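# this one's structure only:
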């Protein structure tokens, strides 16, 4: 039986950080596809787009995915949502439910994942990192809820200690290196095997390509990284600075818990609106 795997997501699923010898990107989803079945028995389509948010997945990628009639679909998104000036958790939750629910309604087995903490990967100090971490916890609570409701194969990327090792990430620390992409593919393969939905042969953990040279890394940061910083300076950084100031104010007064309580209250409303069970328990650890 042919497996039709369709990948939805952002630049991580595009494969950035895992370059192909002839140009372009491979990435964890392609590595997973290669491990699922012999050549000719897997049809793989990667619909991911750099910079995509949850709303982008629902509006642009979901219709294309449904037209491909996948038997297996991956949904990995949310990091770009945390790095935007405007963070609307209710809209993110609605979009993610539309994507996961739409794919499940079409008969696909869906892969989802809890996000790692980008603040830890970037090495940001604790009180500066906390507002970003809180956003990640909010999205993860929604993803946990949807995973239970729609019975997805749900992987906890944030709980894999190896994923936070420096060698797993590219020069920008936001996109996995080839080694990181291989780890992600292996984690998803293990999740499928654990559920008895597939018996993939996990891809090798060891890279086949060479790490980029110091010159290549510097060139990438100068061309691509600088552009990213400029875009985020106009959008995310002003809002984020305000969040850090608020965090510091609450910390000095011993009221950091108040911000956590606000997140839990917001999640209670959102998860009740999504339906089924879940509640604020999914938000523990924020």
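Cool, got the structure. A quick note: this is a predicted structure, and the numbers were derived from the prediction, not measured.

# in terms of helices and strands, where is residue 111?
Take DSSP states H and E as the rule and residue 111 turns out to sit in strand 109-114.

# what residues sit buried inside stretch 107-127?
Of the residues in stretch 107-127, those buried under the neighbour-count criterion (16 or more other CB atoms under 10 Å) are 108-121, 124. C-beta here means a position set from N, CA and C on the backbone, and glycine is covered the same way.

# ok, those residues vs residue 89, which is closest?
Looking at the buried residues of stretch 107-127 and their distance to residue 89, the nearest is residue 115, at 13.3 Å (CB to CB).

# what does the pLDDT read for that closest one?
At residue 115, the model reports a pLDDT of 94.

# would you confirm that it contacts residue 139?
Yes. With contact defined as CB atoms under 8 Å, residue 115 reaches residue 139; the gap is 6.2 Å.

# mind listing the shared neighbours of the two?
Common contacts of residue 115 and residue 139, defined by CB atoms under 8 Å, 6 or more residues apart in numbering, comprise 78, 82.

# re earlier: can you name every helix or strand that the strand holding residue 111 contacts?
The helices and strands touching strand 109-114, judged by 3 or more CB pairs under 8 Å, 6 or more residues apart in numbering; DSSP states H and E, are strand 72-76, helix 89-105, helix 126-150, strand 153-156, helix 178-194.

# now the helix or strand hosting residue 267: average pLDDT?
Secondary structure from DSSP H and E places residue 267 in helix 256-274. Mean per-residue pLDDT for helix 256-274: 88.

# between that helix and helix 126-150, how big is the angle?
Direction vectors for helix 256-274 and helix 126-150, defined by axes from the mean of the first three to the mean of the last three CA atoms, to 10 degrees, enclose an angle of 20 degrees.

# may I see the buried residues of stretch 6-24?
Of the residues in stretch 6-24, those scored as buried under the neighbour-count criterion (16+ other CB under 10 Å) are 6-19.

# ok so, going back, now do the helix holding residue 267: distance to the chain's middle.
Taking the mean C-alpha point of helix 256-274 and that of its whole chain, the gap between them comes to 21 Å (CA atoms, centre = their mean, to the nearest Å).

# and the angle from that helix to helix 89-105?
Orientation check (the same axes, to 10 degrees): helix 256-274 against helix 89-105 gives 40 degrees.

# what's helix 256-274 packed up against?
With contacts taken as 3+ CB pairs under 8 Å, 6+ apart, helix 256-274 sits against helix 89-105, helix 126-150, helix 236-252.
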